[in-house]
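> The following comprises the amino acid sequence and a computationally predicted model.
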Amino acid sequence: MIRLVSSNELAQSLGYSAANDAFRSWCAKLRITPVPGRRGYYDEVLVRRRLDEAQGLLTKGAGEDNATSFVEMRRARRGKN
């Protein structure tokens with residue numbers, strides 16, 4: 001099942017008071033983007049993957065097929081990054 005997380009829920013779980021400018025700039029810095037067509041909602045798998053990359057826990061190629069979200073697969077098919 002695909003789980004989407006609202007921006008407020010994600011912001012609060014990461015220690016922000018709300019989905020404010022500081023939260024959005026932090027997300028942009030880590031390349032965490034909302035789901036296309038669902039402004040304000042984030043793909044839980046993408047968020048976890050970006051956090052792992054930022055912490056150096058994910059090496060390129062390791063588990064890439066398993067951790068690829070449906071959103072990322074669709075973007076790859078359409079040629080969008």
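Arrived safely, thanks for sending.

> roughly how far apart are residue 15 and residue 31?
19 Å (Cβ to Cβ, to the nearest Å). Heads up, the C-betas are built off the backbone N, CA and C, glycines and all.

> So for the two, which sits in the more crowded spot?
With neighbours defined as other Cβ atoms under 10 Å, residue 15 and residue 31 compare such that residue 31 has more, 12 against 7.

> what about the closest residue to that one other than its chain neighbours, neighbour count?
Once flanking residues are discounted, residue 31 sits nearest to residue 50: 5.8 Å by Cβ to Cβ, 6 or more residues apart in numbering. Neighbours of residue 50 under the rule other Cβ under 10 Å: 19.

> what's the answer for residue 6, then?
Count around residue 6 with other Cβ under 10 Å applied: 14.

> Okay, and the beta partners of it?
Beta-bridge partners recorded for residue 6 (DSSP bridges): residue 41.

> if I read this right, residue 10 contacts residue 42, doesn't it?
Yes: judged on Cβ atoms under 8 Å, residue 10 makes contact with residue 42 at a distance of 5.5 Å.
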